[in-house]
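J.: Test case, fold it:
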Amino acid sequence: MSKNIKKIGVLTSGGDSPGMNAAIRSVVRTCAYHNVECIGIYRGYQGMIEGDFKEMGPRSVNNIVNKGGTILKSARSKDFMTVEGRQKAYQNLKNAGVDGLVVIGGDGSFTGAEVFNHEFDFPVMGIPGTIDNDIFGTSHTLGYDTALNTVVEVIDKIRDTASSHNRLFFVEVMGRDAGHIALNAGIGAGAEEILIPEEDLGLERLLESLKKSKASGKSSSIVVIAEGDKIGKNVFELKDYVEANLPEYDVRVSVLGHMQRGGAPSCFDRVLASRLGVKAVESLLEGKTNFMVGLIADKVALTPLEQAIKGHSEIDRELLRVSDIMTT
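T.: The predicted model follows:
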């Protein structure tokens, strides 16, 4: 273990996701296990610039493994995008005796960590926390599994009312640039059609699919749409288009929004957060820096931050095929 790291800082940045608290807990307790001090940094990089730090020990993270959100809060920081802001953050860390940093967040947070590492040669490790699951170098990001379960539960409830009224529901889920939530939740909830940014289904094919569903005897339908899908300008325009072309359908829209980011993390996310937190701290103590810890083939592995940021998280083609078959 490295003798250079005696105190580690931990922060959460970007959008919150279920499992962040479990990751904070893991970082703090792994530090305690290795007799290393731990500092919690509030409000992400903004808190680093303002010196909003708090000493954290094993008992300060009691009863948070089951809580959504983040006890360290999250904030976007324009100041950290400036050299002056990063210089101030670096000075605050040095004044507090912090020797290494664990950043829990998405690609924007990792970009900040990488720049910080290069400018000040400061040891950093990233833990991927975003419900979109759109980070290269890990099969699962923190919060993704919980968000999937939330979406499936909600769609199950929507289906009850859809079938009672013979309605077509467009359910919009999060996923500005990636369709992982829509694809997996759509298959899991038995959606009749799934629209994602990676695949341009096209308006005509959507209409054909809905006509076929109607002709086959389906009295109600659920279409799951990722918010970044390119088929229409937005889900409400899509609704108007379908109603104009298929007047036999009574169409409703349900935008799930931020409910997907909240709630108690699933068991999977709690275990994943615990594993990634241990690996992040122990990697810093081994002298490693500028990596993201992730899950590859169910093993915790390191991916260079630069690759995690620039790499593209591919949609599962096999799942697309399964989706096509299931919507028959």
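
J.: Show me the contact partners of the regular element (helix or strand) spanning Leu207.
T.: Secondary structure here is read from DSSP states H and E; on that basis Leu207 sits in helix 203-215. Taking C-beta atoms under 8 Å, 6 or more residues apart in numbering as the criterion, the residues outside helix 203-215 that touch it are 168, 192-193, 195, 221, 223, 231-232, 241-242, 245-246, 248-249, 327. Yep, even glycine has a C-beta here, placed from its N, CA and C like the rest.

J.: which one of those has the most neighbours?
T.: Sorting these by how many neighbours each has (other C-beta atoms under 10 Å) puts Val223 first, at 28 neighbours.

J.: From what I see, it and Leu195 are in contact.
T.: Yes: with contacts defined as C-beta atoms under 8 Å, Val223 counts as touching Leu195 at a distance of 6.7 Å.

J.: So the residue nearest to Ile64 when sequence neighbours are not counted: helix, strand or coil?
T.: With sequence-adjacent residues excluded and distances taken as C-beta to C-beta, 6 or more residues apart in numbering, Ile64 is closest to Asn21, at 4.2 Å. With DSSP: H, G, I helix; E, B strand; the rest coil as the basis, Asn21 sits in helix.

J.: now Asn21: how far from Leu195?
T.: 33 Å (C-beta to C-beta, to the nearest Å).

J.: likewise Glu282?
T.: According to C-beta to C-beta, Glu282 stands 42 Å off from Leu195.

J.: any weak-confidence spans in the stretch 101-250 of the chain?
T.: Across the stretch 101-250 of the chain, the stretches falling below the confidence threshold (pLDDT under 70) are 201-202, 217-220, 229-233.

J.: Can you show me the helices along it?
T.: Counting by DSSP state H, counting those that start in this stretch, one finds helices in the stretch 101-250 of the chain at the ranges 107-120, 144-165, 180-188, 203-215, 235-245.

J.: Go ahead and confirm Val65 touches Ala22.
T.: Yes: using C-beta under 8 Å, Val65 makes contact with Ala22 at a distance of 4.8 Å.

J.: Quick one: residues contacting the closest residue to Asn4 other than its chain neighbours.
T.: For Asn4, the nearest residue in space outside its immediate sequence neighbours is Asp99; the separation is 6.2 Å by C-beta to C-beta, 6+ apart. Each residue near Asp99 by C-beta under 8 Å, 6+ apart is listed here: Asn4, Ile5, Lys6, Lys7, Ile8, Pro123.

J.: quick one: which of the residues you listed has the most company?
T.: Of all those, the highest neighbour tally under other C-beta under 10 Å goes to Ile8, namely 26 neighbours.

J.: Regarding that residue, what is its secondary structure?
T.: Following three-state DSSP, Ile8 is assigned to strand.

J.: quick one: it from Val322, how far?
T.: As defined by C-beta to C-beta, Ile8 lies at a distance of 42 Å from Val322.

J.: Phe116 too?
T.: When C-beta to C-beta is applied, the distance between Phe116 and Val322 equals 41 Å.

J.: who's more crowded, the two?
T.: Between Phe116 and Val322, counted using other C-beta under 10 Å, Phe116 has the larger neighbour count: 22 against 13.

J.: hang on, the more buried one packs against Phe122?
T.: Yes: Phe116 is in contact with Phe122 according to C-beta under 8 Å; the separation is 5.8 Å.

J.: which residues do the two both contact?
T.: Common contacts of Phe116 and Phe122, defined by C-beta under 8 Å, 6+ apart, comprise Tyr90, Leu101.

J.: List the contacts of the nearest residue to Glu119 once chain neighbours are set aside.
T.: Spatially, and ignoring its direct neighbours in sequence, Glu119 is nearest to Arg86 (6.1 Å; C-beta to C-beta, 6+ apart). Under the criterion of C-beta under 8 Å, 6+ apart, the contact partners of Arg86 comprise Phe80, Val115, Phe116, Glu119, Phe120.

J.: Quickly find the element holding Arg86.
T.: Arg86 belongs to helix 83-95 when assigned by DSSP H and E.
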